[in-house]
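Peer 1: The following comprises the amino acid sequence and a computationally predicted model.
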Amino acid sequence: MSLRLGDIAPNFKAQTTAGEIDLYEYLGTGWGVLFSHPADYTPVCTTELGKTASLQAEFEKRNVKVLALSVDPLDKHKGWINDINETQHVTVGFPIIADEDKSIAHAYGMIHPNASETFTVRSLFIIGPDKKVKLMITYPASTGRNFVEVLRVIDSLQLTANFSVATPADWKEGEDVIVVPAVSTEDAIKKFPKGVNVVKPYLRYTPQPNK
Ligand code: BEZ
């Protein structure tokens, strides 16, 4: 059975470019992004890891630790990081796991045999402070992911973890949010003093509560 939203993210110990890491110790009480890529020294992966490195301060601001993974060995990762830093004009500051025995890839369902028997696909998991899986996305090898979108989802998850709201399509930090159906309009008016815009009884907007 593969992982599903709300499941506990399996803990593991892994060899990484920053030494041995225990996932739960590495995450501590914060959030995590664990993402796999098919292989080192490949073009799309190079841009993905470069983009993630360039957004390091954005992840830190949100108390998110990042961890990349492929089934390539550690020495290959280390050599490739030099190329990423050189070509993407960054300093990769997050660890890359060398999952040579594929144990983590299997635990997280990162190998999709009908896509590739040997390599991990582009899986990405957001893990909450409770160690539960909050988001899972899977992209094919040929399509690089949008890491600004990953930050946007983290903003939504961190907001909705603290307030009785959800975020609409294409929402960005600072925009109006949606009152969840479980809250009556009467209670919403008390709960959200900035105002509630009732478009339909089931579609109610309020300004972002923590802004
Ligand atoms: C890439 O990262 O460019 C890539 C990796 C595997 C298959 C296709 C592209």
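Peer 2: Cool, got the structure. Just so it is clear, the model here is predicted, and its values are computed rather than measured. Residues are numbered from 1 along each chain as shown.

Peer 1: Might you report the residue contacts of Leu135?
Peer 2: For Leu135, the set of contacting residues under the criterion of C-beta atoms under 8 Å, 6 or more residues apart in numbering consists of Leu5, Leu124, Phe125, Ile126, Val153, Leu157. Bear in mind the C-beta positions are built from the backbone N, C-alpha and C, glycine included.

Peer 1: try it again with 6 Å
Peer 2: With contact set as C-beta atoms under 6 Å, 6 or more residues apart in numbering, Leu135 has these partners: Ile126, Val153.

Peer 1: Could you look up the SS state of it?
Peer 2: strand (DSSP: H, G, I helix; E, B strand; the rest coil).

Peer 1: Domain-wise, how is the chain divided?
Peer 2: Taking automatic domain parsing as the reference, the chain has its domains at 13-144, 163-206.

Peer 1: tell me which parts of the protein are close to the ligand?
Peer 2: Proximity of the chain to the ligand, by C-beta under 6 Å from any ligand atom, involves residues Pro38, Ala39, Thr42, Pro43, Val44, Cys45, Ala141, Ser142.

Peer 1: who touches stretch 136-145?
Peer 2: Applying C-beta under 6 Å, 6+ apart, the external contacts of stretch 136-145 come out as Pro38, Val44, Thr47, Glu48, Val121, Arg122, Ser123, Leu124, Phe125.

Peer 1: Recalculate using a threshold of 8 Å.
Peer 2: Counting contacts by C-beta under 8 Å, 6+ apart, the residues outside stretch 136-145 that touch it are 3-5, 35, 38, 44, 47-48, 51, 112, 115-116, 119, 121-125.

Peer 1: Just the ones of the residues you listed in strands?
Peer 2: With strands identified by DSSP state E, the entries of the contacts of stretch 136-145 that belong to them are Phe35, Arg122, Ser123, Leu124, Phe125.
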